[in-house]
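Colleague: Okay, sequence plus prediction incoming.
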Amino acid sequence: QVQLVESGGGLVQAGGSLRLSCAASGPSFSTYFTLGWFRQAPGKEREFVAAISWSGSSTAYADSVKGRFTISRDNAKSTVYLQMNSLKPEDTAVYYCALDRTSTIAPMTQGVGMDYWGKGTLVTVSA
């Protein structure tokens, strides 16, 4: 079993920044797993945002956030981060941390294979 707990959401003005954190724990957790972020805006389906391999050497982003968001991880702290800059009102959503028990990021970028989810943290960007 793995627990994922997100934090760092909140209200920010357009153009501002936020950093989300997701702490992983549990007897089944391994630093060799892929971690990532998804989001779900009101009235829309959950969508992929970013993923990072266990070593941090491979990352992937949705086109809508490339150049603005940066994913990173600290395996010593079992934590993955999402630095969000130049936020736009369309970034408003509940952001979910996800874990895939594989060492490659490709499945997560396709939105398949996630084994665990966090409960989400709300990000609201005002115009």
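Modeller: Nice, thanks for sending it over.

Colleague: Strands along the chain, start to end?
Modeller: 3-7, 10-13, 18-25, 34-40, 47-52, 59-61, 69-74, 79-84, 93-100, 116-117, 121-126 (DSSP state E).

Colleague: Leaving out chain neighbours, which residue sits closest to the spatially most central residue of the chain?
Modeller: Centrality entry for the chain: nearest residue to the mean C-alpha point is Trp37, 2.0 Å, by Cα atoms, centre = their mean. Once flanking residues are discounted, Trp37 sits nearest to Val49: 4.3 Å by Cβ to Cβ, 6 or more residues apart in numbering. For glycine as for every other residue, the C-beta is placed from the backbone atoms N, C-alpha and C.

Colleague: measure the one you found to Ala93 for me?
Modeller: Note on Val49: its distance to Ala93, by Cβ to Cβ, to the nearest Å, is 9 Å.

Colleague: Next one: Pro89, what pLDDT does it get?
Modeller: For Pro89, the model assigns a pLDDT of 97.

Colleague: Report the contact partners of it.
Modeller: With contacts defined as Cβ atoms under 8 Å, 6 or more residues apart in numbering, Pro89 is in contact with Ala14, Val125, Ser126, Ala127.

Colleague: wait, isn't Trp54 in contact with Ser103?
Modeller: Yes: Trp54 is within contact range of Ser103, at 5.5 Å (criterion: Cβ atoms under 8 Å).

Colleague: Identify the contacts common to Val49 and Ala93.
Modeller: Common contacts of Val49 and Ala93, defined by Cβ under 8 Å, 6+ apart, comprise Arg39.

Colleague: what's in contact with the lowest-mean-pLDDT helix or strand in the chain?
Modeller: Least confident helix or strand, the chain: helix 106-109 with a mean of 91, by mean pLDDT, DSSP states H and E. The contact list for helix 106-109 (Cβ under 8 Å, 6+ apart) reads Thr34, Gly36, Phe48, Ala51, Ala60, Ala98, Asp100, Gly113, Met114.
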